Every structure is written in structure tokens, then in C-alpha cells.
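Chemist: Got a predicted structure plus its sequence, pasted below:
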Amino acid sequence: MKDKSFESQAIRAQAERSHNNEHSVPLYLTSSFIFDTAEEMRAAFADESEAFIYSRYTNPNTDEFVNKMCLLEGAEAGVSSASGMAAIYTTLAALLSSGDHVISCSSVFGATHTIFTKYFPKWNINHSYFNASEPESITSLITPQTKILYLETPTNPAIEVIDLELVSKIAKENNLLLVVDNCFATPYLQQPVKYGADIVIHSATKYIDGQGRVLGGVVVGKKELVKEIYLFGRITGPSLSPFNAWVLSKSLETLSLRMERHCENALYIAEKLEGHTALEFVKYPFLKSHPNYDVAKKQMKGGGGILTFSLKGGYESGKLFMDKLQMIKISPNLGDTRTIATHPASSTHCKLSIEERNGVGITDGLIRISIGLENKEDILKDIFQALN
Ligand SMILES: *Cc1c(COP(=O)(O)O)cnc(C)c1O
């Protein structure tokens, strides 16, 4: 499969057929597996065979999903988990020890932020944040205890793009593990492993499912690191259900088509919105006005499905805009076939102080839109009527 193109891998990298010769891989709803002999069971537990043991460890459906993700990201190994947060927590908890230090971009997913600021200090794991628009500043934050450099690109919800080649060079020179949350881009638009990332994480809940149905997460990357993460997960239990893995494997078959359309619709809408008199700015990686446009063009195949804009009227205008939307729904989710709007200042980021929000690029009037797969004119019409 390694010699096949992305589209073919996403469709053809299936689990092997059972004796029923099914064309589409079936769902394996079983908590455990049996062995013909005690010797076979011993070999499985001794890692001398690849036999399935128990679905908290692996299962044919989770295996298929993980193998496909490894191919699509160009990674050596992978492990799935119940959600994106399970993937992030399991990775960090498996790789870090008390006394270690993490450097992360400051505009990072809210729950990841809470792990760094609220829970890790309990175990004496400290962190520093760097501003995503100044990746050169990372070097000044490195201490002898720094083990992981963690980032998202594009960032949520500021839509900053971080130069993967540059941060990878910083990580290598300073012996840090580079961990990238690739949720917004998906492997179709950007493959961080190619730039030297050691670990790539996804919330499969978003574009990988793409249809707002199931939660899931996946970690791919260097074999030795993934093994440690897998062993930690297999003991602590944040496993992906076979059903969700089955859904996600099928979803991957249409990832390239969906991402093409998400990108086409989002760029069209970003261009039409730019310069609107009610807006302070429009931000989308493939708009020429984006401060990181050149980096985005270098490392991404398309600009993705998320754009933001800031209403001149501030906080109240932000809420009013949301209420005026007709087809587009108010929801915290993203990466769905359906277009979704979020007003971070009154919802996902309401617990941050105004200074903290401004520090990560969230103005009071900021609206994040996850552009769906509906007709782009219908999406635009709804945004325009709400703006007016
Ligand atoms: C949603 C999201 C997560 C968390 O994923 P869940 O599947 O909701 O646990 C992590 N990172 C990013 C960038 C996300 O958008």
C-alpha cells in the first residue's frame, strides 16, 4: 500500500477479509479473543505474535483504522483512543515524568490548556507558552528539563499557522520531542511527520469522522514512542470502541473529497467576506492577507475548513450575529458536513480573562466558522444576512 496514492490508501487499506469474503470490513463487536492453545496465548502476551487478545488493547476495527492513519500520515506506528483528549492526555502522560517541562503554543485547544495549567502542576510537570506568531521565541523558553515541544497548526481559534520546518529544527537542535495536534489540517492537507514531527495527534471526532457522529482519537509517529503510549493506554483504558473505529475507517474513504470541498467553500467565503464594512478582519490561511500565508502555502495543500472574522461591534455584536443565523447552527463542534458557528468569547473561551483572550488572538467580536459541505452560495447568503 505504501506505493499507492493518498486516495487509494484511504479506500483500499482495509483489514483482511474473514472467511466470509465480505467486501466492506464488518464490525467486530467482541470484548475478547480466543486462543487454540495455551502456547498461542503465551506468545500473544509475550509480544511474539500479533494475535488479538482483548479489545482494550486492540481489535480488528481499531487496527484497521490505525493502520490507515499511519499510511496517510506517513508514520511508522499508531494507537487509537476514545477521543482526541484521550489521545492527547495518554501521549503526554506516557512520555512525561515528574520534573519535566513542556513548551506549548499558547493558543491551544481549551482542554489541552487545562491539562497544562490545572492538572500537570499536581504532578510537578511544568509548562511555558510561546506565542504562535513568534516561534523563534521557543529557544528562550527551553530549560534543561524541557522534554516536549507541543503545538497545533493551524491554531484554534486564532488560525495562526506555525512553520513546521522551523519548529522541527528547533526541536532537533535541542533534543526535544515534537508533538503536533494535526486536527485542523488532517493528513490530506498537511503531514507533520514529513517535517520531522515525532508524534502526530488527531481528534478523529472532527474532520476524520467529518459527519458529527462519533468521538475518537489517534496518535501516530515513531515506533518506540508509540509503543510507550500504547502500553500506557492499554493499562489505563481510554480505548476506542470497535464501533467508532469502524465508522472512522469508513469515513477516511471520503476524507480527500470532503477536504477538497471544505477548502474550496472556505476560501470562496473568506474572499467574499474580506473587506465587509461590519468586519475588522477575516482570517483564513490561504488568504493573501494572512500573516503566515507563505508558510501555509509551503506546508498545506489547502487552507482547511475553518475561518474566523471579527465583528467591529464587539461582544454583543458577536452574540447577535449568532442569533441571526438561519441555516448555520450554533455549536462548539467543528469539521462537520454542516456549517457551524462559534462565538469563542461567550462560550469556549469565556473562562479566560480579556487579557488572556487577547493574548491568544480572541477578540470580543471573533466568530469562528467551520465551513461545511453545503452549497457555498447558501452558506455565504446566511452569513451575509446575519451580518446585515
Ligand atoms: C476537538 C479538539 C480536540 C479534542 O478532541 P475530542 O475528540 O473532543 O476529545 C483536540 N484538539 C483540537 C485541535 C480539537 O479541535
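Modeler: Good, I have the coordinates. Numbers count the residues shown, from 1 in each chain.

Chemist: where does the stretch 51-200 of the chain come near the ligand, residue by residue?
Modeler: When proximity is defined as CB under 6 Å from any ligand atom, the stretch 51-200 of the chain approaches the ligand at 83-85, 109, 152, 156, 181, 183. For the C-beta atoms, the positions are set from N, CA and C on the backbone; glycine is no exception.

Chemist: 8 Å - rerun?
Modeler: Within the stretch 51-200 of the chain, the positions adjacent to the ligand are 83-88, 108-109, 111-112, 152, 156, 181, 183-184 by CB under 8 Å from any ligand atom.

Chemist: List just the nearest of these to residue 11.
Modeler: residue 183 (22.1 Å; CB to CB).

Chemist: wait, doesn't that closest one sit right on residue 200?
Modeler: No. If you go by CB atoms under 8 Å, residue 183 and residue 200 don't touch, sitting 9.9 Å apart.

Chemist: show me where this structure has strands.
Modeler: According to DSSP state E, the chain carries its strands in the segments 77-81, 101-105, 126-130, 146-152, 177-181, 199-203, 217-221, 279-283, 306-311, 329-330, 340-342, 366-370.

Chemist: can I see the domain layout of this structure?
Modeler: 6-253, 255-387 (automatic domain parsing).

Chemist: Mean pLDDT and mean neighbour count added to the ones you listed, as a markdown table?
Modeler: Converted to a markdown table, those look like this (pLDDT from 0 to 100; neighbours: other CB atoms under 10 Å):
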| stretch | mean pLDDT | mean neighbour count |
| --- | --- | --- |
| domain 6-253 | 96 | 19 |
| domain 255-387 | 95 | 19 |
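
Chemist: Spit out the contact partners of the closest residue to the ligand within the stretch 51-200 of the chain.
Modeler: Nearest residue of the stretch 51-200 of the chain to the ligand: residue 84, at 2.3 Å (CB to the nearest ligand atom). Taking CB atoms under 8 Å, 6 or more residues apart in numbering, we find residue 84 in contact with 109, 181, 183, 201-206, 215-217.

Chemist: Pick out whichever of those residues sits closest to residue 334.
Modeler: Using CB to CB, these come closest to residue 334 at residue 206, 5.7 Å.

Chemist: ok, longest helix in the chain?
Modeler: helix 255-273 (DSSP state H).

Chemist: quick check, that one touching the ligand?
Modeler: No. Shown here: helix 255-273 not in contact with the ligand (CB under 8 Å from any ligand atom), separated by at least 14.3 Å.

Chemist: from the middle of its chain, how far away would that helix be?
Modeler: Computed by CA atoms, centre = their mean, to the nearest Å, the chain-centroid distance of helix 255-273 equals 18 Å.
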